[in-house]
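Colleague: Here is my input; please provide its structure:
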Amino acid sequence: MLTKQQLLDEARQQKKALAMMGRWRNYLFILTTSSMVVAFFGLRNSGAAFVAGVAAVVFAVISFVLLLLVNLSIRNGHRNVEKILDSVR
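Modeller: Below is the predicted model:
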């Protein structure tokens with residue numbers, strides 16, 4: 001069984017990790033929206049721009065899926081921290 005101080009240290013470390021994941025979520029959101037803009041303009045043209053648009057669509061889908069996974073991880077991480085803090089009280 002962990003001591004109260006160990007549990008508080010674990011919760012603190014998890015909060016730091018959640019803050020870092022929040023930054024990654026922001027980066028992925030920017031990446032997704034930027035890829036969608038490139039895809040929109042690329043798919044409206046022909047030639048190399050069209051190929052770049054198709055690649056941007058694929059990239060946007062991948063980054064959106066990663067964004068959803070990071071968001072789910074953050075939500076579950078907050079629940080975990082709350083459980084840790086509730087067990088300390």
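Colleague: next SSE after the helix or strand that contains residue 15?
Modeller: For residue 15, the host element (DSSP states H and E) is helix 4-43. Downstream of helix 4-43, the next assigned helix or strand under DSSP H and E is helix 48-88.
Colleague: Show me what that following helix is packed against.
Modeller: With contacts taken as 3 or more C-beta pairs under 8 Å, 6 or more residues apart in numbering; DSSP states H and E, helix 48-88 sits against helix 4-43. All C-beta spots, glycine's among them, are computed from the backbone N, C-alpha and C.
Colleague: In the helix it packs on, which residues are buried?
Modeller: For helix 4-43, the neighbour count (16 or more other C-beta atoms under 10 Å) marks 11, 18, 25, 28, 31, 32, 35, 36, 38, 39, 42 as buried.
Colleague: tally of neighbours for the residue lying closest to the last one once chain neighbours are set aside?
Modeller: Ranked by C-beta to C-beta, 6 or more residues apart in numbering and with sequence neighbours excluded, the top spatial neighbour of residue 42 is residue 53, at 2.2 Å. Each residue near residue 53 was counted by other C-beta atoms under 10 Å, and the total is 19.
Colleague: from memory residue 53 sits against residue 37, does it?
Modeller: No: between residue 53 and residue 37 there is no contact under C-beta atoms under 8 Å: 10.3 Å.
Colleague: Stretch 55-64: how far from the chain's middle?
Modeller: What separates the centre of stretch 55-64 from the centre of its chain is 14 Å, taken as C-alpha atoms, centre = their mean, to the nearest Å.
Colleague: Let me fix that, I meant to ask about stretch 24-40.
Modeller: Distance, stretch centre to chain centre, for stretch 24-40: 12 Å (C-alpha atoms, centre = their mean).
Colleague: circling back: which ones are touching the residue nearest to residue 42?
Modeller: Counting by C-beta atoms under 8 Å, 6 or more residues apart in numbering, residue 53 makes contact with 38, 39, 40, 41, 42, 43, 44, 45.
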